[in-house]
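Trainee: Here you go, sequence then predicted model.
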Amino acid sequence: MAKQNPKANRRTSITDLARTLGMSISTVSRALAGHAEVSEATKQRVRQLAEELHYQPNQLAAALRRGRSNTLGVLVPHITGHFFPEVVNGIAVEASKAGYNVMICQSNEDVEQEKKNLELLMNAQVEGILVSHANTTLDFAHFDAVNKLDIPLVFFDRVVEGMQGHHVGSVVLDDYAGAYAVVSHLIEQGCRRIAHFSGPLHVNINRNRHQGYLDALTDHHVPVIEDLTCFFDLNLETGAVAMRELLQSAELPDAVFASNDLAAAGAMQVLKERGLRVPQDIAVAGFSNETFTILTEPTLTTVDQCCHEMGQTAVQQLVRMIPDDSDKTPDPIVLKPRLIVRNSSRRLPDEAQ
C-alpha cells in the first residue's frame with residue numbers, strides 16, 4: 001500500500017506558491033492582488049498555479065493583518081428548541097448585512113464551559129461578543145474581564161444587570177409585561193387560583209416574569225397563594241412533575257402559567273392523563289411561542305418573544321459600538337412582547353383573538 005503524503009490534505013499557502021514559482025512571497029501576493037507593477041505574464045503564471053493547487057487566501061489572517069477580524073462572537077446556553085436558534089438566525093442575517101461573519105459557541109447551561117467559550121472567542125480576536133449567559137452563572141467576573149479589555153459586549157435575553165460601560169449593551173424582551181398580560185388574561189377568563197411555574201430567580205427573565213405574575217394578581221385583587229408557585233429548571237419533564245404535585249393538593253388550581261412552553265406542555269400531558277379538561281377544568285398558558293404550541297391539543301396560549309428581531313437588534317447595537325468613537329453608555333433596548341391567546345386558556349365565548 002502506498003504511503004499517504006502527509007501534506008496531501010494540507011491547505012496550499014502563499015508560501016507554497018512562491019516556492020514552486022521561485023518568486024518572493026511579496027511578488028506572489030501582489031500578483032494575486034492584481035497590482036499594476038507586476039507584469040501580466042507573472043500574474044498569469046501565479047494565477048494558473050493557484051488554480052491548479054486550489055489555493056484559497058486566508059481571509060482571517062488577512063483581516064487580522066489589517067487589524068480587523070470581521071467576526072462577531074455569539075455565546076448562547078444552547079441551540080435547541082425554538083428561541084435560541086431563531087435569535088441566532090437573526091444574528092447571522094443581520095451580521096452578514098453588516099459585513100461580518102459569526103462564530104457561535106454554546107455553554108450547555110454550564111458556567112465553566114461558558115468561561116472556556118469566552119476565552120476562545122477572545123483568542124479568535126472577534127470584534128464584539130453577543131451573549132446570553134448560562135442559568136448556572138452566578139459570578140459574572142469573566143464578563144467583567146471582557147469589558148475591561150474594551151471588547152464590545154451585548155447581552156440579550158439573559159443579561160448581567162448592573163454591568164455598565166460604553167462597550168456594554170443589552171437587548172431584552174419586556175418579560176414583566178408579557179407575564180402580566182398572560183396572567184391578566186387568565187383572570188379575565190374567570191381563573192382565581194393561578195399556579196406559576198418559574199425558573200431560578202437569579203436569572204433576570206425568570207425574576208421579571210415572576211414579578212409580572214405577582215403584580216397582575218395584586219392589581220386584579222386576586223390573592224397570591226405561595227403554595228401555587230413552583231421553582232425549578234423549566235422543561236417538559238419538570239413541568240409534568242410539578243403538575244402532579246399540585247394535583248395532590250386539597251384544592252386544585254384553576255389555571256397554570258408556566259414561564260416557558262415546555263413546562264406548560266408537560267403540565268398539559270399530566271392533566272390529560274388524569275382526565276382533566278383544558279381549559280374547562282384547568283387553563284394553561286406558557287411563554288416563548290415555541291413552534292409546537294400550535295400543534296398541542298388544545299393549542300397553547302403563549303407569549304411571542306420576538307426572537308428574530310432580538311437577534312437583529314443585538315447585532316445593530318453591537319456594530320454601533322465597534323468603531324469605539326463614543327464614551328456614551330448604550331441605552332438598554334426593550335422589545336415589546338405579544339400575547340397569543342389560543343384554546344388552552346380560552347374559556348369565555350366572547351374572547352376572540
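Mentor: Arrived safely, thanks for sending. Numbering: from 1, shown residues only.
Trainee: Distance check, the residue nearest to G81 when sequence neighbours are not counted against L234.
Mentor: Among residues not flanking G81 along the chain, E290 sits closest, at 6.4 Å (CB to CB, 6 or more residues apart in numbering). Just so you know, the C-beta spots here come from the backbone N, C-alpha and C atoms, and that holds for glycine as well. E290 sits 12 Å away from L234, going by CB to CB, to the nearest Å.
Trainee: Ok, E114 next?
Mentor: 19 Å.
Trainee: ok, now Q189?
Mentor: Counting by CB to CB - Q189 and L234 are separated by 23 Å.
Trainee: When those two are compared, which one has more neighbours?
Mentor: Set Q189 next to L234 and count neighbours by other CB atoms under 10 Å: L234 wins out with 26 against 19.
Trainee: Looks to me like that one is in a strand.
Mentor: No: membership of L234 in a strand is not supported by DSSP: H, G, I helix; E, B strand; the rest coil, which gives coil.
Trainee: Break this protein into its domains for me.
Mentor: 14-50, 69-173+307-335, 175-305 (automatic domain parsing).
Trainee: least trustworthy helix or strand in this structure by mean pLDDT?
Mentor: helix 59-65 (a mean of 53; mean pLDDT, DSSP states H and E).
Trainee: after it comes which helix or strand?
Mentor: strand 71-76 (DSSP states H and E).
Trainee: Dump that next one to CSV, keeping only the CA atoms.
Mentor: Extracted in CSV, the C-alpha atoms of strand 71-76 (Å, rounded to 0.1, in the frame of the first residue of the first chain):
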residue,chain,number,x,y,z
THR,A,71,-16.0,38.3,13.0
LEU,A,72,-18.6,38.6,15.8
GLY,A,73,-18.7,36.0,18.6
VAL,A,74,-22.0,34.5,19.8
LEU,A,75,-22.4,32.7,23.1
VAL,A,76,-25.7,31.0,23.9
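Trainee: elements contacting it?
Mentor: When contacts are defined as 3 or more CB pairs under 8 Å, 6 or more residues apart in numbering; DSSP states H and E, strand 71-76 packs onto helix 83-97, strand 101-106, helix 111-123, strand 128-131.
Trainee: Which of those sits closest to C306?
Mentor: helix 83-97 (9.2 Å; CB to CB).
Trainee: Show me what counts as buried in that closest one.
Mentor: Buried positions in helix 83-97, judged by neighbour count with 16 or more other CB atoms under 10 Å: 83-84, 86-88, 90-92, 94-95.
Trainee: Tell me what angle that helix forms with strand 71-76.
Mentor: 170 degrees (axes from the mean of the first three to the mean of the last three CA atoms, to 10 degrees).
Trainee: and helix 83-97, C-alpha only, in CSV?
Mentor: Output in CSV follows, covering the C-alpha atoms of helix 83-97 (Å, rounded to 0.1, in the frame of the first residue of the first chain):
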residue,chain,number,x,y,z
PHE,A,83,-35.9,30.6,20.8
PHE,A,84,-32.1,30.5,20.6
PRO,A,85,-31.9,29.1,17.1
GLU,A,86,-34.3,31.8,15.9
VAL,A,87,-32.3,34.5,17.7
VAL,A,88,-29.0,33.1,16.2
ASN,A,89,-30.6,33.2,12.8
GLY,A,90,-31.5,36.8,13.3
ILE,A,91,-27.9,37.5,14.4
ALA,A,92,-26.4,35.7,11.3
VAL,A,93,-28.7,37.5,8.9
GLU,A,94,-28.0,41.0,10.3
ALA,A,95,-24.3,40.3,10.7
SER,A,96,-24.0,39.3,7.1
LYS,A,97,-25.7,42.5,6.0
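Trainee: How far does that helix sit from its chain's centre?
Mentor: 9 Å (CA atoms, centre = their mean, to the nearest Å).
Trainee: Check stretch 258-272 too.
Mentor: In terms of CA atoms, centre = their mean, the centre of stretch 258-272 is set 22 Å apart from its chain centre.
Trainee: residues of it that come out buried?
Mentor: Neighbour counts over stretch 258-272 (16+ other CB under 10 Å) mark 258-271 as buried.
Trainee: Let's have those residues in CSV, adding secondary structure, distance to V241 and pLDDT.
Mentor: What follows is these, written out as CSV (DSSP: H, G, I helix; E, B strand; the rest coil; distance: CB to CB, whole Å; pLDDT from 0 to 100):
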residue, secondary structure, distance to V241, pLDDT
A258, strand, 12, 98
S259, coil, 15, 97
N260, coil, 15, 94
D261, helix, 17, 97
L262, helix, 13, 96
A263, helix, 10, 97
A264, helix, 14, 98
A265, helix, 13, 97
G266, helix, 8, 97
A267, helix, 10, 98
M268, helix, 14, 98
Q269, helix, 11, 97
V270, helix, 9, 98
L271, helix, 13, 98
